[in-house]
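[1] Just a sequence and a predicted model for now, questions to come.
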2 protein chains.
Amino acid sequence: MTYDYRHMVALADPTRRQVFELIAANPRSVTELARLLPVSQPAVSQHLKVLRDARLVRAEPRGASNIYHIDPEGLGEMRAWLDSMWTDALGAFRDAINTKRETKVCRQPPR
Amino acid sequence: MTYDYRHMVALADPTRRQVFELIAANPRSVTELARLLPVSQPAVSQHLKVLRDARLVRAEPRGASNIYHIDPEGLGEMRAWLDSMWTDALGAFRDAINTKRETKVCRQPPR
DNA sequence: GATAATCATAAGTCATAGCTTATCATAATC
DNA sequence: GATTATGATAAGCTATGACTTATGATTATC
């Protein structure tokens, strides 16, 4: 199974994180989000598109408004990736620990 | 507790993800990584710095080389965030579902 | 039906982040 | 000790992505 890291990309931007966290705290409309943030309404809509594509949020039309709320799907996909990473990579990590040889430390590793 | 999303930022870049996945598959030196990737050695070093700061990888000096391997710390922090997100946000999500009113769907939600 | 409100998309600007080459520091080898 | 190998950092260039204003589409309201 191949993972495209859409969630990481979506959550890498600070403003988009604020949008996501505001929605996580409470479902909200686009204008409400725009009012709470220091960016324009189109900027918010653009961020919402990215979050939507990552299935981190969902839009629910309510009259002329769009109420956005958390979508469990995206978080679930992240969890699945993290779990497989955990078992695979950390399994390999444990192996590396166990078969590690004695090495005299000659210098400091980078910062 | 406040989370700074360093891991997401680190894993948002495609080249940096390749670096991470190569290391996850097998501990490797910087030159080996540079040989396997279509970018220069300094580029690899710069990516490694970001991954290091996010505690996703660790450097282990072995002679003149630096062998990089997975650091469980970063993945653990990610898991902690995801778990809290899961309980908090999805708890709120369930509440929203339960108290949801009947709404006639008047238009399609955005793509 | 006209007006107002909400929100998505288009087009264009600009700052940031990732890349390069150049260089320095440290460790191994002859 | 001189040379080679390894890798981190510096400085500068450039492409990507986040922002803006403008606009169109849909829904509610008068």
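    Arrived safely, thanks for sending.

[2] relative to helix B:72-98, how tilted is the biggest helix by length in chain A?
    For chain A, the longest helix by residue count, based on DSSP state H, is helix A:72-98. Orientation check (axes from the mean of the first three to the mean of the last three CA atoms, to 10 degrees): helix A:72-98 against helix B:72-98 gives 160 degrees.

[3] tell me the average confidence for helix A:72-98?
    When pLDDT is averaged over helix A:72-98, the result is 82.

[4] can you tell me the helix or strand for the nearest residue to residue A:89 once chain neighbours are set aside?
    Counting by CB to CB, 6 or more residues apart in numbering or on different chains, residue A:89 lies nearest to residue B:24, which is 4.2 Å off, once chain neighbours are set aside. C-betas here are computed from N, CA, C, even on glycine. In this assignment (DSSP states H and E), residue B:24 forms part of helix B:14-25.

[5] what about chain A, any weak spots by pLDDT?
    Judged by pLDDT under 70, chain A has its weakly predicted residues at A:1, A:92-106.

[6] any idea how far the residue nearest to residue A:89 is from residue A:91?
    Counting by CB to CB, to the nearest Å, the gap from residue B:24 to residue A:91 is 11 Å.

[7] more neighbours, these two?
    A direct count of neighbours by other CB atoms under 10 Å in any protein chain shown for residue B:24 and residue A:91 places residue B:24 higher, at 20 against 10.

[8] can you tell me which residues contact the more buried one?
    Residues in contact with residue B:24 (CB atoms under 8 Å, 6 or more residues apart in numbering or on different chains) are A:85, A:88-89, A:92, B:70.

[9] So which of those is surrounded by the most neighbours?
    residue B:70 (23 neighbours).

[10] Dig out what it forms beta bridges with.
    Counting by DSSP bridges, residue B:70 forms beta bridges with residue B:57.

[11] and the one helix or strand residue A:9 maps to, how far out from the chain's middle?
    Secondary structure assigned from DSSP H and E places residue A:9 in helix A:6-11. How far helix A:6-11 lies from its chain's middle: 5 Å, per CA atoms, centre = their mean, to the nearest Å.

[12] before we move on, what about stretch A:25-34?
    18 Å.

[13] close to DNA strand D, is that stretch?
    No. Judged by CB under 7 Å from any atom of the strand, stretch A:25-34 stays clear of DNA strand D, getting no closer than 8.8 Å.

[14] Need the residues that contact that stretch.
    For stretch A:25-34, the external contacting residues (CB under 8 Å, 6+ apart) are A:19, A:22-23, A:36, A:40-41, A:43-45, A:48, A:60, A:62, A:65-70, B:92, B:96.
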